[in-house]
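J.: any chance you can model this:
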Amino acid sequence: MTPTTLSRITSLTAATALTIGLAACGRSAQTTDSAPSPTASTSAPTTTAPPTTAAPTPTSTTSPRSSAALDELVAVGAAKMHLHCAGNGDHTVLLIAGFTSDRTAFGSVEAELSASSRVCSYDRFGTGTSDAPPTPQTFATQAEDLHELLTSVHEGGPYVAVGHSFGGDIAVTFTSLFAGDVRGLLLLDASPAMWNVALCGVADDGSEGAASFVAGCAMQSEPANNSEGLAGPATFAELAKITSLGAIPMIVDSAAQHGYEGLDPSTASQLNEVWNAGQQHWASLSSAAQLVAVDHSGHQIQFDRPDLVIAQVAELNA
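T.: This is a model prediction of the structure:
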């Protein structure tokens, strides 16, 4: 893709751009995620896409609720996934980390949240102490695996799903697939479904900044190129088909500051436009959504503004 094409993309509204089936990314402070950063792929997914038009029909499969502390590897299909749950409450807060990140990505807020709520965090396949992905992954398979993980150990809903960056895309998909089990959704600078085409459209001009985007694009080009086995653009095309989450209470946090160190200023500006349009799209999915511009924060909102995240989870949990 040329810079001219990238300019054309950024002029689209979020709703229009999402029909192209673009991609998203996210990485944690403990691993590789700083500002919205390059990650992409081209392999076809192996699962059915999530709902594509109207809001999903609530079909709760809520399991009995647990109150015991849990920290163990749990079988999900033929592989095992690490799950940690603590605290007590009428609802369970699900913490979903960004791309290639493990559950420690929420270390700044998890303990305080679990003082007043049931809180579960986990390592997806290919992260932390969980097994490698047994098959190529999509947001749908990851959401389905999360639901199986929780119900198999009786960590039933209702859930407040909290997703950072790439994890926000999984949270949206989880909510779409299991609407009856989700009572609230918090997106922390969630990667737009249009992000992949935008980042892969950054021209290699020989700069260090551009080189990082080129490498990130290649990283998601095949499931074998990333630890999570993500099957990229087709995965994000699935995500783009989710057009409504009904009236679910939803908070969309968008960081006020995104740095693209080493990039040409005009390219950085275009990427910011893409990112901001993506946040507006997320907020459009629910009639009960709030879009919040988070001051004094970069992409890692849970580290930069843990006070805000804790307060917003309490609001959705009320």
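J.: model confidence over stretch 303-318, on average?
T.: Stretch 303-318 shows an average pLDDT of 97 in the prediction.
J.: cool, stretch 237-244 as well?
T.: Rounded mean pLDDT across stretch 237-244 is 93.
J.: same deal with stretch 146-161?
T.: Stretch 146-161 comes out at a mean pLDDT of 95.
J.: between the two ends of that stretch, how far is it?
T.: Using CA to CA, to the nearest Å, the end-to-end distance of stretch 146-161 comes out at 11 Å.
J.: repeat that for stretch 67-83.
T.: Stretch 67-83: ends 14 Å apart by CA to CA.
J.: and it, which residues are buried?
T.: Neighbour counts over stretch 67-83 (16 or more other CB atoms under 10 Å) mark 74, 76, 79-83 as buried. All C-beta atoms are positioned from the backbone trio N, CA, C, and that covers glycine.
J.: what's the answer for stretch 204-214, then?
T.: For stretch 204-214, the neighbour count (16+ other CB under 10 Å) marks 207, 209-210, 212-214 as buried.
J.: distance of Cys141 from Glu228?
T.: If you look again at residue 141, you'll see it is Thr, not Cys. 10 Å (CB to CB, to the nearest Å).
J.: one more: Gly262?
T.: 26 Å.
J.: would you indicate which residues of the longest helix belonging to the chain are buried?
T.: Longest helix in the chain by number of residues, with DSSP state H as the criterion: helix 265-284. By neighbour count on 16+ other CB under 10 Å, the buried set for helix 265-284 is 267-268, 270-279, 281-284.
J.: report all helices and strands that the helix or strand just after that helix contacts.
T.: As assigned by DSSP states H and E, the chain's next helix or strand after helix 265-284 is strand 289-294. Strand 289-294 sits against strand 250-255, helix 265-284, with contacts defined as 3 or more CB pairs under 8 Å, 6 or more residues apart in numbering; DSSP states H and E.
J.: okay, those in TSV with distance to Gly298 and mean pLDDT next?
T.: Output for the helices and strands packed on strand 289-294, formatted as TSV (distance: least, CB to CB, whole Å; pLDDT from 0 to 100):
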stretch	distance to Gly298	mean pLDDT
strand 250-255	5	97
helix 265-284	12	94
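J.: can I get the ones you listed in CSV including distance to Val162?
T.: Listed next are those as CSV, based on distance: least, CB to CB, whole Å:
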stretch, distance to Val162
strand 250-255, 9
helix 265-284, 14
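J.: Leu188 bridge partners, please.
T.: His164, Asp253 (DSSP bridges).
J.: pLDDT score assigned to it?
T.: 98.
J.: thought it was touching His164?
T.: Yes - shown here, Leu188 and His164 form a contact pair, counting by CB atoms under 8 Å, at 4.2 Å.
J.: who touches both of the two?
T.: Shared contacts of Leu188 and His164 (CB atoms under 8 Å, 6 or more residues apart in numbering): 301-302.
J.: the buried residues of stretch 67-83 into CSV, with extra columns for secondary structure and distance to Ala132?
T.: Shown next, in CSV, are these (DSSP: H, G, I helix; E, B strand; the rest coil; distance: CB to CB, whole Å):
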residue, secondary structure, distance to Ala132
Val74, strand, 16
Val76, strand, 13
Ala79, strand, 7
Lys80, strand, 10
Met81, strand, 11
His82, strand, 13
Leu83, strand, 17
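J.: now do Ser116 against Ala69, distance only.
T.: In terms of CB to CB, Ser116 sits 15 Å off from Ala69.
J.: next: Ala140.
T.: Taking CB to CB, one finds Ala140 at 30 Å from Ala69.
J.: same check on Ala75?
T.: 19 Å.
J.: repeat for Glu238
T.: 35 Å.
J.: just Ala215 next, same as before
T.: 40 Å.
J.: ditto for Ile301
T.: 27 Å.
J.: next: Gly259.
T.: The value you get for Gly259 to Ala69, if CB to CB is used, is 38 Å.
J.: circling back to that earlier point, name the nearest of the buried residues of helix 265-284 relative to Ser108.
T.: Taking CB to CB as the measure, Ser108 lies nearest Gln279 of the buried residues of helix 265-284, at 21.5 Å.
J.: now that closest one, nearest residue through space, not along the chain?
T.: Leaving aside its chain neighbours, Gln279 sits nearest to Ser254 (4.1 Å; criterion: CB to CB, 6 or more residues apart in numbering).
J.: that neighbour reaches Asn276, doesn't it?
T.: Yes - in this structure, Ser254 is within contact of Asn276 by CB under 8 Å, at 6.8 Å.
J.: just to revisit the earlier point, where's the residue nearest to Gln279 relative to Val109, distance?
T.: 18 Å.
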